[in-house]
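Asks: Show me the folded form of this:
(one chain, ligands or ions: 3)
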Amino acid sequence: MPSNIEEAGASGSIIGNDVTASYTTEAGTSGSIIAGDITGSKVERGVAGAILEDVPHLTDWLPTLQTYPNPLKHNPAYSAVKQYFVEDDDVVAKNIVVKISNPWEGLYFRRSGPRDKIYFDTKEVRACIVTCGGLCPGLNTVIREIVCALWNQYGVRDIFGIIGGYKGFYARNTSRLDPKIVNDIHKRGGTILGTSRGGHDTSKIVSSIEDRSINQVYIIGGDGTQKGADCIYEELRRHGMKVAVAGIPKTIDNDIDVIDKSFGFDTAVEEAQRAINAAHTEAESIENGIGLVKLMGRYSGYIAHYATLASRDVDCCLIPEVPFYLEGEGGLYDFVHHRLRENGHMVIVVAEGAGQELMAESLDLLNGSIDASGNRLLHDIGLWLCQKLKDHFADRKEILNIKYIDPTYMIRAIPSNAADNVYCTLLAHSAVHGAMAGYSGFTVGPVNGRHAYIPIHRVTEKQRCVNTSDRMWARLLSSTNQPGFLQYEKVMEAKRKKEASKFLKISDANDKRDSNNSTGQNGTSGVH
Ligand SMILES: Nc1ncnc2c1ncn2[C@@H]1O[C@H](COP(=O)(O)OP(=O)(O)OP(=O)(O)O)[C@@H](O)[C@H]1O
Ligand SMILES: O=P(O)(O)OC[C@H]1O[C@](O)(CO)[C@@H](O)[C@@H]1O
Ligand SMILES: [Mg+2]
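Replies: Numbers count the residues shown, from 1 in each chain. Ligands and ions are numbered 1, 2, ... in the order given. Presented below is the predicted three-dimensional model:
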């Protein structure tokens, strides 16, 4: 047991809205659980300010569940592993840069991995897998590895694929999965199960789980999907059902909080290099050439950020977290002129969510459309920026050769690279071990390099964005030497004032003309 968690023996208390009860944890460790609501967070206080943010366990609502020895004990592949089973009190620190004066203080998550006791008779496990949201490299690898871990490590034979995302639970038949069926799917992009947005109906999904006697649900998807998984877990728990819900976080945008990085992100950044290289080659081969590349990133600009840092050919990276402006000192036009004078060409990378307000304002567009899941639909910043730059140079009668490359779907519809494949394997195995160990309502993922079980609500309460006040963004700025657009608010305010006074002048002129017309300019009546 690590010294950051209190020693075994003592008891603690659960403080809910109206629930107070004493408890002793499974492993006999102690502390206090502070629950936000009846099914809410399980927080255990350890020594020296250490806090374990624990995940729910089936025994929280089914306290008399039977346990079984983990069959991995007799698996020859694992026989050489010295400490194969994870101890119940092994935890992973959320922050590993600590103060030497109090190194233990902070948040911890339960370490993931196989436990020696499991809560399912493996012959009775009926597992299902669903993929939701946009595509991401590695989806098929995760599916493959969940199937193989269930089959080979635990001897599970009833594994079903839910077809077409959440709505597939109640609108489609399931498809049986086994190691043969999934054998080489990791070499393909996409998801063999299909995916969708929208269609999350908790009660229909839970009824379908109940009707099909499913007792382990593996849900692969982004922030929206994980919110949906949390609702399913809560509902199953309310029904008192013995069903483990495991979330595997997926997002090309890398916008899921707490975990180090989401799978497929590295593959996407690598693929984006091909577009950036092409943009650079085009730009440097022609007079005043600009290569403009649009990359995915709805609210978070990680792909653009890392693709820029990796490339070193990019002169300017525009992301949703840094609003930019075109005209005036410190604006994009100034910088483009400067770079073209200096180098004769340049490369701009723009995340799809960047500059949405600027564009909406300039085109008088509404920002209200959403997709079936409620995500904001974006205007094409790449095309708009291309046109603005072309117009600007044409107005000044200067040459500009701009080449626009939009590899949007190409970077996410590909198979995962080698590193992501290994990462997907660990995620899948963690999820299976966690479900078998009786945990539910959890998401798997690496925290500071070690895989952990994280309560689902912890990863969905906020979306992760590029932190523009940390050293990683500073590295990008120092590599591109692009403007920081720090005067954004001031410039936009001045622009708005200018527009408003222009509008006032126009309406004054119109009023004057109307009154001239009504009095009749030649002394005649305005009424004809
Ligand atoms: N707040 C929510 N509660 C319940 N279900 C949700 C919620 N938000 C989204 N969902 C459901 O989750 C599924 C996927 O959501 P969404 O389309 O937003 O993709 P995502 O999981 O966020 O992945 P990505 O954004 O990476 O493509 C959809 O079926 C949607 O109905
Ligand atoms: O066009 P689709 O499939 O809805 O997906 C587009 C969105 O999905 C993502 O890849 C992931 O959320 C975003 O970057 C992008 O805006
Ligand atoms: Mg999302």
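Asks: pLDDT value on Asp380, please?
Replies: Asp380 carries a pLDDT value of 94.
Asks: Gln356 versus that one, what's the distance?
Replies: As judged by CB to CB, to the nearest Å, Asp380 and Gln356 stand 10 Å apart. C-beta coordinates here come from the backbone N, C-alpha and C atoms, glycine included.
Asks: So between those two, which is more surrounded?
Replies: Set Asp380 next to Gln356 and count neighbours by other CB atoms under 10 Å: Gln356 wins out with 20 against 14.
Asks: Report pLDDT for that one.
Replies: Note for Gln356: predicted pLDDT of 93.
Asks: So it is in contact with Leu385, correct?
Replies: No: counting by CB atoms under 8 Å, Gln356 sits too far from Leu385 to count as a contact (11.7 Å).
Asks: where in the stretch 201-350 of the chain is pLDDT low?
Replies: Within the stretch 201-350 of the chain, no range satisfies pLDDT under 70.
Asks: For it, what lies in contact range of ligand 1?
Replies: Neighbours of ligand 1 within the stretch 201-350 of the chain, by CB under 6 Å from any ligand atom: 221-225, 227-228, 231, 251.
Asks: Now with 5 Å, please.
Replies: Residues of the stretch 201-350 of the chain lying close to ligand 1 (CB under 5 Å from any ligand atom) are 221-225, 227-228, 251.
Asks: Is there a quick PyMOL command that grabs whichever of those are buried?
Replies: PyMOL command restricting those to the buried ones, with burial defined by 16 or more other CB atoms under 10 Å:
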select buried, resi 221+222+223+224+225+227+228+251
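Asks: Quick check: the farthest pair among the residues of the stretch 201-350 of the chain next to ligand 1?
Replies: Greatest spacing in those, by CB to CB: Gly228 and Thr251 (13.9 Å).
Asks: what's near enough to touch the closest residue to Thr67 other than its chain neighbours?
Replies: Nearest residue to Thr67 in three dimensions, chain neighbours excluded: Lys117, at 4.3 Å (CB to CB, 6 or more residues apart in numbering). Going by CB atoms under 8 Å, 6 or more residues apart in numbering, Lys117 touches 67-70, 437.
Asks: just these now: which is nearest ligand 2?
Replies: Within these, the smallest distance to ligand 2 is 30.7 Å, found for Ala437 (CB to the nearest ligand atom).
Asks: pretty sure the closest one is in contact with Ser112, am I right?
Replies: No: contact criterion CB under 8 Å: Ala437 and Ser112 do not qualify, at 9.2 Å.
Asks: Neighbour count for those two, which is higher?
Replies: Higher neighbour count among Ala437 and Ser112: Ser112, with 29 against 26, using other CB under 10 Å.
Asks: That one touches Ala452, doesn't it?
Replies: Yes: with contact defined as CB under 8 Å, Ser112 reaches Ala452; the gap is 5.6 Å.
Asks: any residues in contact with both of the two?
Replies: Common contacts of Ser112 and Ala452 (CB under 8 Å, 6+ apart): Val444.
Asks: From ligand 1, how far off is Ile276?
Replies: 22 Å (CB to the nearest ligand atom, to the nearest Å).
Asks: can you tell me which residues contact His429?
Replies: Neighbour list for His429: 145, 149, 153 [criterion: CB under 8 Å, 6+ apart].
Asks: which element is it on?
Replies: Following DSSP states H and E, one finds His429 within helix 418-436.
Asks: Also Lys397?
Replies: Assigned by DSSP H and E, Lys397 falls within no helix or strand.
Asks: Please enumerate the helices of the stretch 401-528 of the chain.
Replies: 418-436, 456-460, 471-480, 488-519 (DSSP state H, counting those that start in this stretch).
Asks: can you redo these as CSV with distance to Arg396 and mean pLDDT?
Replies: What follows is the helices of the stretch 401-528 of the chain, written out as CSV (distance: least, CB to CB, whole Å; pLDDT from 0 to 100):
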stretch, distance to Arg396, mean pLDDT
helix 418-436, 45, 98
helix 456-460, 48, 96
helix 471-480, 24, 96
helix 488-519, 19, 70
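Asks: closest one to Tyr333 among these?
Replies: Among these, helix 488-519 comes nearest to Tyr333, with 11.8 Å by CB to CB.
Asks: in stretch 115-135, what counts as buried?
Replies: Applying a neighbour-count criterion of 16+ other CB under 10 Å, one finds 115, 118-120, 122, 125-135 buried in stretch 115-135.
Asks: so which of these are also by ligand 1?
Replies: 132-134.
Asks: Redo the residues you listed as a markdown table? Include pLDDT.
Replies: Formatted as a markdown table, these follow (pLDDT from 0 to 100):
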| residue | pLDDT |
| --- | --- |
| Cys132 | 98 |
| Gly133 | 97 |
| Gly134 | 97 |
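Asks: Which of these fall in strands?
Replies: Using DSSP state E, no member of those falls in strands.
Asks: Serialize the residues you listed to CSV and add fields for distance to Val91.
Replies: Converted to CSV, these look like this (distance: CB to CB, whole Å):
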residue, distance to Val91
Cys132, 30
Gly133, 30
Gly134, 33
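Asks: so which of these also contact ligand 2?
Replies: Filtering those for neighbours of ligand 2 using CB under 5 Å from any ligand atom leaves Gly134.
Asks: Looking at the ones next to ligand 1 among the buried residues of stretch 115-135, spot the one nearest Ala244.
Replies: Nearest to Ala244 among these, with distances taken as CB to CB, is Cys132, at 18.1 Å.
Asks: Do I have it right that the closest one meets Gly224?
Replies: Yes: judged on CB under 8 Å, Cys132 makes contact with Gly224 at a distance of 7.3 Å.
Asks: Give the intersection of the neighbour lists for the two.
Replies: Counting by CB under 8 Å, 6+ apart, the common neighbours of Cys132 and Gly224 are Arg197.
Asks: re the thing from before, which residues does the residue nearest to Thr67 form beta bridges with?
Replies: Pro69 (DSSP bridges).
Asks: For ligand 3, see how far away it is.
Replies: Distance of Lys117 to ligand 3, computed by CB to the ion, to the nearest Å: 36 Å.
Asks: Next: Lys397.
Replies: 45 Å.
Asks: Pull the number of nearby residues for that residue.
Replies: Lys397 has 6 neighbours, counted by other CB under 10 Å.
Asks: what sits against it?
Replies: For Lys397, no contacting residues are found, by CB under 8 Å, 6+ apart.
Asks: Please report how far it lies from ligand 2.
Replies: Going from Lys397 to ligand 2 by CB to the nearest ligand atom gives 37 Å.
Asks: ditto for His433
Replies: From His433 across to ligand 2, the span is 28 Å (CB to the nearest ligand atom).
Asks: what helix or strand does the residue nearest to that residue when sequence neighbours are not counted sit in?
Replies: Distances taken as CB to CB, 6+ apart place Pro114 nearest to His433, at 4.4 Å, with adjacent residues excluded. Counting by DSSP H and E, no helix or strand carries Pro114.
Asks: Can you tell me the number of residues neighbouring Pro114?
Replies: By the measure other CB under 10 Å, the count of residues near Pro114 is 25.
Asks: Equivalent analysis for Tyr170, please.
Replies: Neighbour count of Tyr170, defined by other CB under 10 Å: 16.
Asks: mind checking the backbone torsions on it?
Replies: Per-residue torsions, Tyr170: phi -120, psi -10 (degrees, to the nearest 10).
Asks: hang on, isn't it packed against Asp201?
Replies: Yes: using CB under 8 Å, Tyr170 makes contact with Asp201 at a distance of 6.7 Å.
Asks: Understood, closing this out.
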